[in-house]
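Visitor: Sequence and predicted structure, then a few things I'm wondering about:
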Amino acid sequence: MTCLFCQIADGTQPADIVYNDDDVIGFRDINPQAPQHVLFIPRRHVGTINDFDSADAALIGRLTLAAQHYAGEQGFDEEGYRVVMNCNRMAGQTVYHVHLHLLAGRPLHWPPG
Ligand code: 5GP
Ligand code: ZN
């Protein structure tokens, strides 16, 4: 199976990586929707949120903590940011390796489109 984000995680596909730990990497979205748009992914392949189980609770938390860490490091944590995970077709998921979007740097409207 060829998975684009697994290839980014293993270094065979280039990406602008801005965050790295044992379980999670973060890299800039190729088509940014805000001045700051970073994707945080588990290094291990997980297709959609539906594929998580209770053993993944810590990993799910680490995705959010990675985003929090990056926001603090970049200094937009107090101004604000949004994290989003799209699951399947109706939510607009296009890459089937779970990823948490971090968006910041402009006012973000609600509800989203
Ligand atoms: P989704 O719509 O699945 O929630 O988000 C997938 C995201 O991956 C999109 O925002 C898209 O721009 C981004 N993306 C797709 N292909 C690549 C790529 O090759 N490199 C990077 N850095 N981002 C990608
Ligand atoms: Zn994958």
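Guide: Great, that's in hand. Computed from a predicted structure; not experimentally measured. Ligands and ions are numbered 1, 2, ... in the order given.
Visitor: Which strands and helices lie in contact with the top strand by length along the chain?
Guide: The longest strand of the chain (DSSP state E) is strand 36-42. Where contact means 3 or more CB pairs under 8 Å, 6 or more residues apart in numbering; DSSP states H and E, strand 36-42 is packed against helix 4-10, strand 17-20, strand 24-28, helix 57-74, strand 100-104. In this view, the C-beta of every residue, glycine as well, is placed from N, C-alpha and C.
Visitor: Tell me which of the ones you listed sits most buried.
Guide: Greatest average neighbour count among those goes to strand 100-104 (a mean of 22), per mean count of other CB atoms under 10 Å.
Visitor: List the contacts of that strand.
Guide: In this structure, residues lying in contact with strand 100-104 by CB atoms under 8 Å, 6 or more residues apart in numbering are 26, 29, 33-41, 63-64, 66-67, 70-71, 74, 76, 79-86.
Visitor: One more: stretch 4-16?
Guide: Here stretch 4-16 makes contact (CB under 8 Å, 6+ apart) with 17, 25, 27-28, 39, 41, 43, 45, 95, 97, 99.
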